[in-house]
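Asks: build the 3D model from these lines:
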Amino acid sequence: MRILLTGAAGFLGSHLCDRLLADGHEVIGLDNFITGNPDNIAHLMGNEKFSFQKHDVSNYIFVQSKVDAVLHFASPASPNPLSPAGYFNLPIQTMKAGALGTHNCLGVAQANNARFLIASTSEIYGDPLVHPQTEDYAGNVDPVGPRAVYDEAKRFAESLTMAYHRAHGVDTRIVRIFNTYGPRMDLEDGRALPNLLKQALLGQQLTVYGDGSQTRSFCFVDDLIEGIVALLYSNEHLPVNIGNQHEMTILQFAETINRLTENKSGITFVKDARSARDPQQRQPDITRARTILKWEPKVELEEGLHKTIPYFRKKLGLA
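Replies: Down below sits the predicted model:
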């Protein structure tokens, strides 16, 4: 296939480029580098099946010649309020990527009679009252809270995607991505894994917000990409959760990080607004993915961390 992929220089987008090219497809990557990193795709620039355009997807998208699929992965995604690339500091750009960007990408798919896949998120469930989260759960989201610019942009993107499917017959797919980690992650992402792993490698105390009882489920990037590709190749139009169902507390995760990195500095507990704002539970129900896509994660947490730590060491200048 000839595939248009937005957010190509992002953490997930760049890994998806690698996989699609390995499958023999031609990939046209789009990114405006507002959060994407050119280093993530530098190794692809000599590949004759890969081309790149610097472009903001909230503006009209023009692609020469027909494309067979459009994958929309362009959006700020970091919840770090201290990062210039976090969606707290890019609220309008985040909502435009979810609204105008999705509309423009769907327009390309419709014009080319191409299949379309939107990268949605577990954040559409908000702070869930149902556990684990199934795809038919409508969520518990605050539409005017500090996280709303990301959560509601993705919820709107899903709604627009289904509207194009129902009204125009566009061949759509929706993947709801749960916590994912691996090489090429932004070290300033703001999520638990990069925060804690960076602190551990620097020999610092690990900062755990609240009492550490909030839970997360961590999926290694290779597993996630396999699930996304399986969905792309499928005929499923309804949302599908892709993530690791193994749930653990943040405190357990911090202890694992310290053990694997041999960090002796311990853990410090901090109470601030973040502990109240963060979702308290996050675990996907992946029954639909198992049934329809025949997919489930294979990489255990410690194996995935061993594959991720060298990248973090290098980025921190420790390698």
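Asks: neighbours of the closest residue to residue 126 other than its chain neighbours, how many?
Replies: Leaving aside its chain neighbours, residue 126 sits nearest to residue 141 (3.5 Å; criterion: Cβ to Cβ, 6 or more residues apart in numbering). The way it works is simple: take the backbone N, C-alpha and C, and place the C-beta from them, glycine included. Counted by other Cβ atoms under 10 Å, the residues lying close to residue 141 total 18.
Asks: so who does residue 141 touch?
Replies: Residues near residue 141 by Cβ atoms under 8 Å, 6 or more residues apart in numbering: 124, 125, 126, 148, 151, 152, 155.
Asks: quick one, which of the residues you listed are buried?
Replies: 124, 125, 126, 148, 151, 152, 155 (16 or more other Cβ atoms under 10 Å).
Asks: now those residues in JSON lines, with secondary structure and pLDDT?
Replies: Converted to JSON lines, the buried ones among the contacts of residue 141 look like this (DSSP: H, G, I helix; E, B strand; the rest coil; pLDDT from 0 to 100):
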{"residue": "124", "secondary structure": "helix", "pLDDT": "94"}
{"residue": "125", "secondary structure": "helix", "pLDDT": "94"}
{"residue": "126", "secondary structure": "strand", "pLDDT": "90"}
{"residue": "148", "secondary structure": "helix", "pLDDT": "94"}
{"residue": "151", "secondary structure": "helix", "pLDDT": "96"}
{"residue": "152", "secondary structure": "helix", "pLDDT": "97"}
{"residue": "155", "secondary structure": "helix", "pLDDT": "97"}
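Asks: state the mean pLDDT of the strand or helix carrying residue 199.
Replies: If you go by DSSP states H and E, residue 199 is part of helix 192-201. Mean pLDDT, computed over helix 192-201, is 95.
Asks: ok now whichever helix or strand comes after it, how far from the chain's centre?
Replies: Downstream of helix 192-201, the first helix or strand assigned by DSSP H and E is strand 206-209. Its chain's C-alpha centre and that of strand 206-209 lie 23 Å apart, by Cα atoms, centre = their mean, to the nearest Å.
Asks: which residues touch strand 206-209?
Replies: Contacts for strand 206-209 (Cβ under 8 Å, 6+ apart): 195-196, 199-200, 250-251, 254, 257-258, 263, 265-272, 274-275, 278.
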